[in-house]
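K.L.:
Prediction below, plus the sequence it came from.
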Amino acid sequence: CHRSECAASHEAPVAWRMNLKPYGSPVYDIAIPNNVIGTGWQLDEKASVCPDTWDSFRSLAEKIWGKRGRWRIDVGALENSLAINDLVWIYNKEDSGYYLGRITSGWRYTTLEPFHSRRLNNVRDCEWVKIPRDVPGAVQHSRATIKELRELSVHSATLFDQYTPGEFKYGMMCEAVGSL
């Protein structure tokens, strides 16, 4: 199965670093308060097309951008690589803050506002927490659109547990993996 479909497994989360700049325009101001992570690749400016499955999105995207290209990397990673409960690091220049998010849903394409007008159409729900200190250097120095930081997964989960006010905690999951 794709990692994104294996949400029920008890493997430790994988940490990722992502930049939220569809079409070069930062969208942290809508992603963080609306609890989403996402990328661009808007199918239609008028919002008349809204695929409800990955296969229908992929079919339409291939007609627009071809079977290969950057869209497959960006949207494909969001859909296929990130699993529910994986962690995503972002840096928001507006408040000079690092945020760590927990993926809480599968991929979806949206034409709802404010996402559509800002071209943040391919999204997943994400529970965000601001991390005030102890941000790993690999997170601070990464400029990739999306990058796996597997070596930081347990440390990231520990930071999420420390700063989240929510009930979900990684502690038990990471202790089990650390003892293997």
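P.N.:
Cool, got the structure. Numbers count the residues shown, from 1 in each chain.

K.L.:
which one is His116 nearest to, not counting chain neighbours?
P.N.:
Leaving out its chain neighbours, the residue that sits closest to His116 by CB to CB, 6 or more residues apart in numbering is Ala47, at 5.2 Å. Using the backbone N, CA and C atoms, a C-beta is placed for each residue, glycine as well.

K.L.:
Quick check: pLDDT value at that neighbour.
P.N.:
The model reports Ala47 with a pLDDT of 82.

K.L.:
what's the answer for Glu94, then?
P.N.:
82.

K.L.:
From Ala61, how far off is it?
P.N.:
Glu94 sits 30 Å away from Ala61, going by CB to CB, to the nearest Å.

K.L.:
The residue nearest to His116 reaches Arg119, doesn't it?
P.N.:
No - if you go by CB atoms under 8 Å, Ala47 and Arg119 don't touch, sitting 11.1 Å apart.

K.L.:
what about the strands in the protein?
P.N.:
Listed in chain order, the strands of the chain (DSSP state E) span 15-18, 36-39, 87-92, 97-103, 108-109, 122-131, 146-148.

K.L.:
What are the boundaries of the helices in this structure?
P.N.:
Assigned by DSSP state H, the chain shows helices spanning 28-31, 54-65, 70-76, 137-140, 153-163, 171-178.

K.L.:
Could you dump the strands of the chain into TSV and include distance to Ser81 and mean neighbour count?
P.N.:
Formatted as TSV, the strands of the chain follow (distance: least, CB to CB, whole Å; neighbours: other CB atoms under 10 Å):
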stretch	distance to Ser81	mean neighbour count
strand 15-18	8	26
strand 36-39	12	27
strand 87-92	11	22
strand 97-103	10	22
strand 108-109	16	22
strand 122-131	11	20
strand 146-148	7	17
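
K.L.:
Would you mind giving those strands as TSV with distance to Phe168 added?
P.N.:
Shown next, in TSV, are the strands of the chain (distance: least, CB to CB, whole Å):
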stretch	distance to Phe168
strand 15-18	16
strand 36-39	16
strand 87-92	12
strand 97-103	7
strand 108-109	21
strand 122-131	7
strand 146-148	22
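
K.L.:
May I have the phi/psi pair for the residue nearest to His116?
P.N.:
phi 60, psi 30 (degrees, to the nearest 10).

K.L.:
Could you list the low-confidence segments of the chain?
P.N.:
Scanning the chain for pLDDT under 70 picks out 1-11, 22-25, 143-148, 150-151, 172-180.
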